[in-house]
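Trainee: Need coordinates for the below:
(one chain, ligands or ions: 1)
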Amino acid sequence: MTPREMAPGVFSVGAVDWDRRIFDELVPTPHGTSYNSYLIRGSEKTALIDTVDPATFADLTANLERLGVEKIDYIIVNHAEQDHSGSIPAMLDRFEGVKLVTDQKCRDLLIDLLRITEDRVVVIGDGDTLTLGDRTLEFIIAPWVHWPETMLTYLREDRILFSCDLFGSHYATSSLYVPDEGAIYESAKRYYAEIMMPFRASIKGHLEKLATREIALIAPSHGPVYDRPAFIMDAYRDWTGDGVRNVVVLPYVSMHGSTRAMVDHLIAALVQRGVMVQPFNLTKTDTGDLAKALVDAATVVIGAPTVIFGPHPQVVSAVYLANLLRPKTRYATVIGSYGWGGKTVDTIKDMLGRLRVEFLEPVYVQGYPKEGDFAALDRLADEIKKRHEEAGIIPA
Ligand SMILES: Cc1cc2nc3c(=O)[nH]c(=O)nc-3n(C[C@H](O)[C@H](O)[C@H](O)COP(=O)(O)O)c2cc1C
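Mentor: You can find the predicted model right below:
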């Protein structure tokens, strides 16, 4: 990618990774991603906001060369994770005298993760500023935008917020600005779900802190720049707020069709009662899609057959993930089938200890479901409808 100017003297100089299909060896990235780095040329000093994944270091340096950059005074480090910080050691070698500017926790992590030496780091605190001559950078400490050391940087004169992972999306595009709000909404929601949802309360606080600030552009560290910041800030307010949607997320596995018959019956029963359903066959599911669905669904029903006295291992993996991500789900239960015995329902319940959910009566049956079992699923659908009505989320 070539440098793109966002404001006079402010350039996007990072790399687009069109082919990346998995991130942190954990989350699928079906649309690739980008590692955004931004150059600010002040009248006296030059600063670089974050670097890039080390695999794309050559793209960053090529962009700096294209702009004729010979000296960088500061590298602002908003986050110590290697997809942004990993090129710092190479940058320190290349640009003699450059100082890293970051908060205390990030400094400590940089020393631990990248073996940076203390003397290369200037530590700043919340609200501190750094002048580049005609430009002023203001630092906003924002811990737990998925790691404890995260911070944001605000370029006062141009009203640009460099938000690092906050508001980011794994989305490779040749467009500097959001090319399609619908597509970016989905990618940003998925990204929020995968790494920020567990820290919903902290993110809410950061949004409140930002609410009074004039922001013309939000320049995140992944995905395109927001030239209509209200779009993504409203979406984040919605995702981090307490509201839930009239949706049942239904992750399931079925080896021989018994649980599947129950899943199909429950889907039909819920739809007949005006409740939306998002089923996920876990043998075919992209975990990012599942995480995204968990962001605002009111209810989760887990469909699990028994394998060696407990839940099928693919269900265990999904339940473990859901427990880590801590969605704002209000109701949960288990449906499924066993052959002779086990502890599937109790094991799943125990695994969801971090969620503040009310457990509804499970429907767990021996073998292929019989008439009475389907009737129990109808009663479960009634119960879910009642809860959603009480929550005021079923349209009249
Ligand atoms: C590998 C394997 C292990 C199983 N282990 C158990 C078990 O420990 N306890 C049990 O009650 N049923 C066990 N079953 C039987 C299934 O739970 C039972 O067939 C169930 O109806 C399968 O539901 P499904 O058709 O939705 O896959 C096992 C089945 C398989 C294939």
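
Trainee: Skipping adjacent residues, who's closest to M233 in space?
Mentor: L207 (6.7 Å; C-beta to C-beta, 6 or more residues apart in numbering). All C-beta spots, glycine's among them, are computed from the backbone N, C-alpha and C.

Trainee: host element of the one you found?
Mentor: helix 200-211 (DSSP states H and E).

Trainee: picking up where we left off before, model confidence for the residue nearest to M233, exactly?
Mentor: Residue-level confidence at L207 comes out at 97, pLDDT.

Trainee: what's the spacing between it and the ligand?
Mentor: 42 Å (C-beta to the nearest ligand atom, to the nearest Å).

Trainee: With V263 instead?
Mentor: From V263 to the ligand the distance is 9 Å (C-beta to the nearest ligand atom).

Trainee: my guess is that residue meets P251, correct?
Mentor: No - applying C-beta atoms under 8 Å, one finds V263 not in contact with P251, separated by 9.8 Å.

Trainee: quick one: L270 and G353, what's the gap?
Mentor: Distance of L270 to G353, computed by C-beta to C-beta, to the nearest Å: 26 Å.

Trainee: Neighbour count for these two, which is higher?
Mentor: Neighbours were counted for L270 and for G353 using other C-beta atoms under 10 Å; L270 has more, 26 against 7.

Trainee: wait, what's in contact with the residue nearest to R107 when sequence neighbours are not counted?
Mentor: Closest residue to R107 apart from its sequence neighbours, by C-beta to C-beta, 6+ apart: V121 at 4.7 Å. By C-beta atoms under 8 Å, 6 or more residues apart in numbering, the contact set of V121 is K99, L100, V101, T102, R107, L110, I111.

Trainee: Ok, L210 next?
Mentor: By C-beta under 8 Å, 6+ apart, the neighbours of L210 are I140, L152, L161, M233.

Trainee: and for the strand or helix carrying the third one, what are the contacting residues?
Mentor: Element membership for L161 (DSSP H and E) is strand 160-164. Where contact means C-beta under 8 Å, 6+ apart, the residues beyond strand 160-164 that reach it are 6-7, 10, 38, 49-50, 76, 78-79, 84, 145, 150-155, 210, 213, 215-221, 229.

Trainee: Can you select the buried ones from those in ChimeraX?
Mentor: Restricted to buried positions by 16 or more other C-beta atoms under 10 Å, the ChimeraX selection for these reads:
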select :6,10,38,49,50,76,78,79,84,145,150,151,152,153,154,155,210,215,217,218,219,220,221,229
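
Trainee: Residue for residue, what is the longest helix this structure has?
Mentor: helix 371-390 (DSSP state H).

Trainee: So which elements touch that helix?
Mentor: helix 258-272, strand 297-303, strand 331-338, strand 363-366 (3 or more C-beta pairs under 8 Å, 6 or more residues apart in numbering; DSSP states H and E).

Trainee: Run the angle between the third one and helix 371-390 for me.
Mentor: In other words, strand 331-338. If you take axes from the mean of the first three to the mean of the last three C-alpha atoms, to 10 degrees, strand 331-338 sits at 170 degrees to helix 371-390.

Trainee: I'd like the next helix or strand past strand 331-338.
Mentor: Criterion used, DSSP H and E; the element after strand 331-338 is helix 344-351.

Trainee: Report the beta-bridge partners for whichever residue of the stretch 1-150 of the chain sits closest to the ligand.
Mentor: Closest approach between the stretch 1-150 of the chain and the ligand, counting by C-beta to the nearest ligand atom: P28, at 25.2 Å. Going by DSSP bridges, P28 is paired in beta bridges with I22.

Trainee: Could you do T136 as well?
Mentor: With DSSP bridges as the rule, T136 is bridged to T131.

Trainee: Wait, it touches L130, no?
Mentor: Yes - counting by C-beta under 8 Å, T136 does reach L130; the two are 7.3 Å apart.

Trainee: So which of the two has more stuff around it?
Mentor: L130 (20 against 15).

Trainee: could you list every residue that touches G86?
Mentor: Counting by C-beta under 8 Å, 6+ apart, G86 has contacts T51, V52, D53, P54, L114.

Trainee: same question, L166
Mentor: A142, V145, T150, L152, M196, I203, H206, P220.

Trainee: Turn the residues you listed into CSV, including distance to D242 and secondary structure.
Mentor: Below are these laid out as CSV (distance: C-beta to C-beta, whole Å; DSSP: H, G, I helix; E, B strand; the rest coil):
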residue, distance to D242, secondary structure
A142, 21, coil
V145, 20, coil
T150, 23, coil
L152, 24, strand
M196, 16, helix
I203, 13, helix
H206, 17, helix
P220, 25, strand
